[in-house]
Every structure is written in structure tokens, then in C-alpha cells.
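Engineer: A predicted structure for the sequence below; I have some questions about it.
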Amino acid sequence: MARYGMLINTKKCVGCFACRTACQRQNDLLPNESFIKFHEFERGTYPNVTIEHVPTQCMHCVDAPCQAVCPTGATYTTEDGIVCVDHGRCIGCKYCMAACPYGARVVNEETGAVDKCRFCTVSALDGTEMCTCVTACPTGVRIFGDLDDPESEVSKQIAELNAQPIDGDLTEAKVFYVR
């Protein structure tokens, strides 16, 4: 069984928001809803200052805190390790939002249900391409694949670039960063 994950190389990110826009379109999100958030950090000292763009999203945690607090079981983990939400079971209590250490969940204003990145698994079931954020990026910031396959591009790049989960990672995440 595959264990899906993603590498995000922030050294390549130019902050164009193409990944965010593609995600919003793929998932029919409202303009103020997004599964991808951008953080900017200034690096260096004047006059040699650069801006680092760091896109963040759900980390698809092992033993996800959001899943542990969900009173209805709406948040669940697939066999592939992808943390998903069953919108029909979500009552909009927002416990998962409070439990998420990454602030990766959003409320759908139309339904009241809470949602998040799901590596486009719902779309993949109908035969469309997985992870539009990966294909939309003009600079190749993101690589998606099977973390358990040492021959997959994502596994090779994580090893080659010594990528790590985000600083202060509180869980065993499946999203790795190069910074």
C-alpha cells in the first residue's frame, strides 16, 4: 500500500500563488477559502534582504490530532495515509480546527462543514489528475508521490535535499520542506 506525501522546496518558490489558485479551482473553494496558506519571511540584513515564500497546508499527520477530537468520526485517515473529511458526517463543531497545530482547516461558508487539503484524492477518484498544486507550479516547488517507494521522485528528492517536516513539527507529517 502506498503512503502518499509531498515535498515543498521553498528555495524555488516565487510566491506566485499558482498552487493556491489551482487548488481553489479544483476544489470549488470560495475566494476567501484556501487549503494553501502563504507565509513570508525576510532573510539577510540590509541591503541584502530576500523574501522567502513558504506555502503551508495540511501535513496529513500520522495520529492526526484533528481526527482524535472529531466527535462524529467525520475526519478519518485512508489506507494510503491521507487525512480526509466526510462532509456528510461533519457537524461544523470546529474541534478539528482547534486541534490542528498548523491551522490547515477552513470552514465552507455555504455548508458549515470544515474542510482541508486531501491531496486531491476526491478528484482522483473520478480520473482527474491528483494534486493540481503540483502541476500548476511554474517553478517545480512541489513533488507528490509514494514516500514508501525509494524509487519515487519524492523519496529521492527528500533524501538528496535532506528535506525535513516543517520546523517545530508536532506530529509525524507527510509533507516535507527544503528551506
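Structural biologist: The structure has been received and is ready for your questions.
Engineer: C-alpha from now on. contacts and neighbour counts both.
Structural biologist: Noted.
Engineer: show me where the chain has helices.
Structural biologist: Secondary structure of the chain (DSSP state H): helices at 18-26, 65-69, 95-99, 121-125, 132-136, 153-161.
Engineer: Tabulate those (TSV), appending mean pLDDT, distance to V114 and mean neighbour count.
Structural biologist: Converted to TSV, the helices of the chain look like this (pLDDT from 0 to 100; distance: least, CA to CA, whole Å; neighbours: other CA atoms under 10 Å):
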stretch	mean pLDDT	distance to V114	mean neighbour count
helix 18-26	94	15	19
helix 65-69	96	11	19
helix 95-99	97	8	19
helix 121-125	56	15	14
helix 132-136	92	20	21
helix 153-161	92	29	16
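Engineer: and of those, who's closest to K37?
Structural biologist: Distance to K37, taken as CA to CA, is lowest for helix 18-26 among the helices of the chain, at 7.6 Å.
Engineer: Tell me which other helices or strands that closest one touches.
Structural biologist: Helices and strands touching helix 18-26, by 3 or more CA pairs under 8 Å, 6 or more residues apart in numbering; DSSP states H and E, are helix 132-136.
Engineer: Tell me if I'm right that E153 and I143 touch.
Structural biologist: Yes: using CA atoms under 8 Å, E153 is in contact with I143, at 7.3 Å.
Engineer: distance of V134 from R20?
Structural biologist: Separation of V134 from R20 (CA to CA, to the nearest Å): 10 Å.
Engineer: What of L7?
Structural biologist: Taken as CA to CA, the span from L7 to R20 is 16 Å.
Engineer: again, but for D146
Structural biologist: Taking CA to CA as the measure, D146 falls 22 Å from R20.
Engineer: P55: what's it in contact with?
Structural biologist: Shown in contact with P55 (CA atoms under 8 Å, 6 or more residues apart in numbering): 8, 10, 36-39.
Engineer: For F38, which non-adjacent residue is spatially closest?
Structural biologist: Closest residue in space to F38, ignoring its immediate chain neighbours: P55 at 4.4 Å, by CA to CA, 6 or more residues apart in numbering.
Engineer: you'd agree C137 is up against C19?
Structural biologist: Yes: with contact defined as CA under 8 Å, C137 reaches C19; the gap is 5.7 Å.
Engineer: Could you tell me how many residues sit around Y177?
Structural biologist: By the criterion of other CA atoms under 10 Å, Y177 has 23 neighbours.
Engineer: Please disregard the earlier target; I meant E79.
Structural biologist: The number of residues packed near E79 is 11, by other CA under 10 Å.
Engineer: Quickly list what V107 is bridged to.
Structural biologist: Per DSSP bridges, the residues bridged to V107 are V114.
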